[in-house]
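> test case, fold it:
(2 chains)
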Protein chains: 2
Amino acid sequence: ERVLVKETISEAVGRLKSALADLGLPAEPTPVGSAVRDTWLPGKADIDIFLLFPLDYPSDELGPATLAAAERAFGAYKLRYASHPYAVVELNGFEIDVVPAYRISNYTELRSPVDRTPLHNRFLLERLNDRMRSEIRLLKAFLRGIGAYGAELAVGGFSGYLAELLILKYGSFLDLVKSASAWRPPVSFTLEGEPPDWVAESESPLIFVDPVDPRRNVASAVTETQLNRFRSACSAFLKQPSREFFTEKTLPPVSRQELARMLKDRGTTLLLVLYEGLAEPPDTLWSQAISGAFRLKRALEEAGFNPLQAEGWTDETSRIALVLEVERAVLPVVEKRVGPEVGGPGEAGFLKKHLGARDTLGGPFIEGSRWVAFKARRLTSLRDVVEELTSGVESILPKLLRGSEPRILLQDDSDFPGWDDLLPFLGEFLRRRRDFFAERLVPPED
Amino acid sequence: ERVLVKETISEAVGRLKSALADLGLPAEPTPVGSAVRDTWLPGKADIDIFLLFPLDYPSDELGPATLAAAERAFGAYKLRYASHPYAVVELNGFEIDVVPAYRISNYTELRSPVDRTPLHNRFLLERLNDRMRSEIRLLKAFLRGIGAYGAELAVGGFSGYLAELLILKYGSFLDLVKSASAWRPPVSFTLEGEPPDWVAESESPLIFVDPVDPRRNVASAVTETQLNRFRSACSAFLKQPSREFFTEKTLPPVSRQELARMLKDRGTTLLLVLYEGLAEPPDTLWSQAISGAFRLKRALEEAGFNPLQAEGWTDETSRIALVLEVERAVLPVVEKRVGPEVGGPGEAGFLKKHLGARDTLGGPFIEGSRWVAFKARRLTSLRDVVEELTSGVESILPKLLRGSEPRILLQDDSDFPGWDDLLPFLGEFLRRRRDFFAERLVPPED
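Alright, predicted model coming up:
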């Protein structure tokens, strides 16, 4: 595989060079990423070739020039968007990203985030040796094995670049694992030197200051859960090492019938809120899905439905699903409303609002130090409440999901779960992958 | 009424004097309480006559001697227990308590709480004048009108003695009301002089140091709710005074049908836990009922049934009812168990317990900084959970209620509510008397 990757890169660079020359474009094709650095996981090589333009090249021509070069070099291409439009082409069965950026010598010249990538590439190429490369591949396999590999929102884990820096910092996989098992979040690192001022104020659980741009946290995508998963897995690995840590885990898919049985056994209600026709980049769809699920969970918590878990899903093209498991599908009419302190601010307003109101079922009366009233809920069914929460421009949901009317499905609805490609995700959601390494944290019986 | 009370007291004292002389007992009959001090509310006179024995009289003969004297003076008597056994007799339609105590000159000689009462009586008789007496009656009527009169556990309010001291302190009802409307709990008073050291450490919301025994808080029975009710009612009275404050409030009784309709409207579940055959003094029954209801509420909260309110009731003879309104009568099977911190103490124990256990439905997995598991509940119905909580010697309930099997009734049971004399209490419980003075705290509309 390694030979084929190398050949593919050099062939692609050659083609792009001639294309750029033919078109009279002042850019230099520069391969970057794990494929060039020889730190990719088997079968996971992603080849990125950056076209580096001089700083005086007009920003709005970067995209068109890149697409023109890609078309001339490879014929067909797929259009994508990041900082600028870019092209995805195919060669020898590999997908290759052809991405425009400015050629800069350090971060002070940065025009957009993508300009940083060639700096990362150069920085690592100058420092990595073969032993480190194999340690990096080991770390990446470990991260993938525990489900913490990838900076995308759906994972919230460790990027490849972060893995490479961690090996640079610690020298070897095992030295990193030994250290990480003793980390107490929040933890912060620089490759060398003192941390910049912003580190003390950051709320990230893990901070690794980017050696090519000291204003940036390389680990900003790492969630609290993934950081704790990593350090816990490190402890487990030290206690009882195993090949299991380095293999990718997959759950067998579930059928609709199995899903129905699981829900019956759990006695809970599964709620789906489905959106279609959202043409946005994958990252936007993921962030809206995740934030939408989080906000809906919080709102249902306040409403009293006791949500147990919530996650967002997207097909990365145009559809989003908010997936929630809740304890209750119906609330009682009566609700206990705890009001302001007796004699405190807001007292007159609370009393005026609830005294003799049609929906006041009892009180206001004093309980402890506060005024309390029993009120009648206007809506008591989960479906009605979710409908109200998700509809209208005043909805609690994030921007992209506001204004459009979603489909609301509960598990007993005949058309549940709505989309077939959602089924695997629902299976994972309900079976909630046990962290396999947990058993290695328990001391063996005597 | 006043004349009849006075005549009754002097006749009773006369009869007891001769009886004591006939029996050769060295005690002096001494009338005490609001009847003697002329501070009782119309129709509410309680006549207490203390038999004061010299300090060298054997403690265990106080009761028998008192009962013998009561029998000789009045014929029939009912036996009751406080610090010592005592007698309740009838004369001219009044119930008279004949209570033994030691004759002491100050609190340092105190043998039991009951010895203090004659000291209170003497203290007040020496200080009250006619104007104060009528102010005291006004205050007592006000306290009764807002439902805060009485130091018994079922009320948790202001005792008659506390009302008398408050008038002594403030001089008049209106001056007290003006002050109290500005109280910010916790508040503490002495009649004169500096408060003793224990006051600073007390957790009572209201403290009035007993002028005849500086170790004692006269207001120790006053709950936070009743103190706040009193000061709020004082504010309301100052804003919009009315006769309404001085009239006793009663709710019309409810029928079983009305009760059923109210519960249906509220959409909640009413739970009764009924105990019979508990032969204990009323105060013990009340304290066990109130504490039992409180503990059961807390346990059901932890179990996830969302109790809205809980109260204890007793017939003051032998039966106790714990009355709870809960939001849910059934829980889902699955329960989210949030465990210890990742890498923290208890981690191995939590993982060992839940890994592969039969009742583990998902996990353990890491969420944020903690281990989490989805567990199957062993019991999901309210009735089953309450049965388990109330049965056995390990029950969460207070001592008197432990070991005996209660009857557990839900509103749909055919024999609900079990006891007819519980019905008025249930009516009050569900209608949850609005604090009538609340509307007087709202500024009138322009």
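
> within range of chain B, give me the residues from the stretch 51-200 of chain A.
Among all residues of the stretch 51-200 of chain A, those adjacent to chain B (criterion: C-beta under 8 Å from any C-beta of the partner chain) are A:184, A:185. C-beta: built from backbone N, CA, C; applies to glycine.

> identify the residue spatially nearest to the residue of chain A most remote from its centre, adjacent ones excluded.
For chain A, the C-alpha lying farthest from the average C-alpha position belongs to residue A:356; by C-alpha atoms, centre = their mean, that distance is 49.5 Å. Counting by C-beta to C-beta, 6 or more residues apart in numbering or on different chains, residue B:439 is the residue found nearest to residue A:356 once chain neighbours are left out, at 7.8 Å.

> what sits against that neighbour?
Contacts for residue B:439 were tallied using C-beta atoms under 8 Å, 6 or more residues apart in numbering or on different chains; they are A:351, A:355, A:356.

> contacting residues for the residue nearest to residue A:183 when sequence neighbours are not counted?
Among residues not flanking residue A:183 along the chain, residue A:231 sits closest, at 4.9 Å (C-beta to C-beta, 6+ apart). Residues near residue A:231 by C-beta under 8 Å, 6+ apart: A:180, A:181, A:183, A:185, B:342, B:343.

> highest neighbour count among the residues you listed?
When neighbours are counted by other C-beta atoms under 10 Å in any protein chain shown, residue B:342 leads these with 23 neighbours.

> how near is that residue to residue A:144?
According to C-beta to C-beta, to the nearest Å, residue B:342 and residue A:144 sit 20 Å apart.

> report the central residue of chain A.
Note on chain A: the residue nearest the mean C-alpha position is residue A:153, at 1.1 Å, using C-alpha atoms, centre = their mean.

> for the stretch 51-200 of chain A, which segments count as strands?
Using DSSP state E, counting those that start in this stretch, the strands of the stretch 51-200 of chain A run over A:78-81, A:85-91, A:94-102, A:187-189.

> tell me the residue of the stretch 151-300 of chain A that sits nearest chain B?
Here the stretch 151-300 of chain A gets closest to chain B at one residue, residue A:267, 3.5 Å apart by C-beta to the nearest C-beta.

> what bridges to residue A:313?
Beta-bridge pairing of residue A:313, defined through DSSP bridges, involves residue A:321.

> tell me the contacts of it?
So, once contact is read as C-beta under 8 Å, 6+ apart, residue A:313 ends up touching A:289, A:320, A:321, A:323, A:422, A:425.

> now those as JSON lines including neighbour count and pLDDT?
Rendered in JSON lines, the data for the contacts of residue A:313 read as follows (neighbours: other C-beta atoms under 10 Å in any protein chain shown; pLDDT from 0 to 100):
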{"residue": "A:289", "neighbour count": "28", "pLDDT": "93"}
{"residue": "A:320", "neighbour count": "27", "pLDDT": "94"}
{"residue": "A:321", "neighbour count": "27", "pLDDT": "96"}
{"residue": "A:323", "neighbour count": "23", "pLDDT": "96"}
{"residue": "A:422", "neighbour count": "18", "pLDDT": "90"}
{"residue": "A:425", "neighbour count": "18", "pLDDT": "88"}
